[in-house]
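Undergrad: Got a sequence here, can you build the structure:
(chains A, B, C and D)
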2 protein chains.
Amino acid sequence: MSTKDRIMDASGELFRRQGYAGTGLKQIVAEARAPFGSIYHFFPGGKEQLGAEVIRRSGAMYAQLFVTIAADSPDLLTAVSRFFTEAARDLRDTGYADACPIATIALEVASTSETLRQATADVFDDWIDATTAYFAHAGIARPRARELALEVLSLLEGAFVFSRALRSTEPVEVAGRAATAAIRAALPSA
Amino acid sequence: MSTKDRIMDASGELFRRQGYAGTGLKQIVAEARAPFGSIYHFFPGGKEQLGAEVIRRSGAMYAQLFVTIAADSPDLLTAVSRFFTEAARDLRDTGYADACPIATIALEVASTSETLRQATADVFDDWIDATTAYFAHAGIARPRARELALEVLSLLEGAFVFSRALRSTEPVEVAGRAATAAIRAALPSA
DNA sequence: GTGGTTCTTGATAGATTGCTCTAGCGAACG
DNA sequence: CGTTCGCTAGAGCAATCTATCAAGAACCAC
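TA: The predicted structure follows:
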């Protein structure tokens, strides 16, 4: 794996777990087993450019994770249910460290760095649009599909906050059931 | 107002907006118009003790905010609806800076400081228990009331993440409608 | 007043931060 | 072989971080 990839992987993992401000560049190169200078070779814009690229890449990878799960699920409800179940399992298996790859950064930078805030906003917009389209494809009218997308994604992100702090999968599991219930109610008959 | 109170107020506001790691003690004393040494006079445990006390106090104040709104609302649905509407208004009025007082810290410290993680967990446990009791008092069976509490609180926290990043009140407004719909469906008849 | 306690105050230490800089390695190409 | 170029490598800089310390100010009990 290339040095740039190792730096981005290490950054993504550290940012996700301890945030942007809480992660030093020295810690990143140590984790990535990369020379310090390489950061500024690949990311001349410094920490902020690294942060922006990591946000966009991590966000896209997380969206892809849902696509993969949806691809081999028989229907929409199963796909969503599995995504929450998988998220709960990942949380438990990582000691409640790995939840949303960008939520921690999003809250940190929303009022401190316009560049990074924009990166998180772009990722979230993509997620919302993709989820809306996915629900619309299942027969839910567009405006309702968007509301439902925001509802399901909010349930996921909010449950992550509680599950990580409480060190319990209960919030994510409950949120998963609430999400499928909401979708089932919005689906055109049955 | 006492120096200690000014320090805690300033810390609460800064932690909420830019996180724990992203806020320096120098910045806190500047904002609080307090001498630097006073931090270590009132919080001998340093930044971590200050953080823990701010988390517990901010968490309790936020719970009190809901109690106040609920006190002069005719019923449960109105109270919840008003809380989300109020949250959306606060977000807009502060330039999308002030949302949950401890969510940013909660995600940051969940895997880095057991002391602070415990403080956020205690606050969240209180919120969940209080909300569960509030729903149970309205006639919803206990196990279902707890699930509903987790669902509503997750909707709120998740919507905060999106609203701050997207600089839009839409997520919080949609979450508010979803929360009231879920409660209405769980209420014993009508 | 006097003694004692609480609080204020900022200089300073020591570590760490993001970042810059230069030197050198090693493969590709004429 | 010699030159070039992408990348490695880490020493070092200015700034900032948390934390400590000792001295002074303000207040209370006696």
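Undergrad: which bits of chain A sit near DNA strand C?
TA: Listed as neighbours of DNA strand C in chain A under the rule C-beta under 7 Å from any atom of the strand: A:23-27, A:36-37, A:40, A:46-48. Just so you know, the C-beta spots here come from the backbone N, C-alpha and C atoms, and that holds for glycine as well.
Undergrad: can you list the weak-confidence ranges in chain A?
TA: Within chain A, the stretches with pLDDT under 70 are A:189-190.
Undergrad: in it, which spans are helices?
TA: Using DSSP state H, the helices of chain A run over residues A:3-18, A:25-32, A:36-42, A:47-71, A:76-93, A:103-109, A:114-137, A:142-166, A:170-186.
Undergrad: Can you name the residues that contact A:Thr115?
TA: Each residue near A:Thr115 by C-beta atoms under 8 Å, 6 or more residues apart in numbering or on different chains is listed here: A:48, A:52.
Undergrad: whoops, A:Ser58 was the one
TA: So A:Ser58 contacts A:12, A:15-16, A:101-102, A:123 (C-beta under 8 Å, 6+ apart).
Undergrad: Turn the residues you listed into TSV, columns for neighbour count and distance to A:Leu153.
TA: Converted to TSV, these look like this (neighbours: other C-beta atoms under 10 Å in any protein chain shown; distance: C-beta to C-beta, whole Å):
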residue	neighbour count	distance to A:Leu153
A:Gly12	20	20
A:Phe15	24	20
A:Arg16	23	17
A:Pro101	22	14
A:Ile102	27	12
A:Val123	22	11
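Undergrad: Turn those into a markdown table, including distance to A:Asp90.
TA: Formatted as a markdown table, these follow (distance: C-beta to C-beta, whole Å):
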| residue | distance to A:Asp90 |
| --- | --- |
| A:Gly12 | 14 |
| A:Phe15 | 17 |
| A:Arg16 | 11 |
| A:Pro101 | 11 |
| A:Ile102 | 15 |
| A:Val123 | 19 |
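Undergrad: List just the nearest of those to A:Gly158.
TA: A:Ile102 (14.8 Å; C-beta to C-beta).
Undergrad: can you pull the contacts of that closest one?
TA: Contact analysis of A:Ile102 by C-beta under 8 Å, 6+ apart lists A:15-16, A:55, A:58-59, A:62, A:120, A:123.
Undergrad: let's see 6 Å
TA: With contact set as C-beta atoms under 6 Å, 6 or more residues apart in numbering or on different chains, A:Ile102 has these partners: A:55, A:58-59, A:120.
Undergrad: So it versus DNA strand C, what's the distance?
TA: Separation of A:Ile102 from DNA strand C (C-beta to the nearest atom of the strand, to the nearest Å): 18 Å.
Undergrad: of the residues of chain A next to DNA strand C, closest to B:Thr169?
TA: Distances from B:Thr169 to the residues of chain A next to DNA strand C, taken by C-beta to C-beta, are shortest for A:Glu48, at 27.3 Å.
Undergrad: circling back to that earlier point, from the residues of chain A next to DNA strand C, which is closest to A:Ser2?
TA: Closest approach between the residues of chain A next to DNA strand C and A:Ser2, by C-beta to C-beta: A:Gly37, at 15.3 Å.
Undergrad: Pull the number of nearby residues for the closest one.
TA: Neighbourhood size, A:Gly37 [other C-beta atoms under 10 Å in any protein chain shown]: 9.
Undergrad: What of A:Arg144?
TA: Per other C-beta under 10 Å, the neighbour tally for A:Arg144 reads 13.
Undergrad: repeat for the one 10 residues further on
TA: Here the number of neighbours of A:Ser154 (other C-beta under 10 Å) works out to 28.
Undergrad: And the one 3 residues further on, by the same measure?
TA: One way to gauge burial is a neighbour count; for A:Glu157, by other C-beta under 10 Å, it gives 28.
Undergrad: Can you tell me how far it is from chain B?
TA: Relative to chain B, A:Glu157 is positioned 4 Å away (C-beta to the nearest C-beta, to the nearest Å).
Undergrad: likewise A:Tyr134?
TA: Separation of A:Tyr134 from chain B (C-beta to the nearest C-beta) stands at 17 Å.
Undergrad: got a list of what the residue of chain A found nearest DNA strand D touches?
TA: Across chain A, no residue is closer to DNA strand D than A:Gly37, which sits at 2.6 Å (C-beta to the nearest atom of the strand). By C-beta under 6 Å, 6+ apart, A:Gly37 lies in contact with nothing.
Undergrad: same check, this time on A:Gly46
TA: Applying C-beta under 6 Å, 6+ apart, no residues contact A:Gly46.
Undergrad: ok, now with 7 Å
TA: Applying C-beta atoms under 7 Å, 6 or more residues apart in numbering or on different chains to A:Gly46 gives the contacts A:Tyr40.
Undergrad: Repeat that for A:Ile183.
TA: Taking C-beta under 7 Å, 6+ apart, one finds A:76-77, A:80, A:148, A:152 in contact with A:Ile183.
Undergrad: how many neighbours does the nearest residue to A:Phe162 once chain neighbours are set aside have?
TA: Nearest residue to A:Phe162, sequence neighbours excluded (C-beta to C-beta, 6 or more residues apart in numbering or on different chains): A:Pro171, at 3.8 Å. Close neighbours of A:Pro171, defined as other C-beta under 10 Å, add up to 27.
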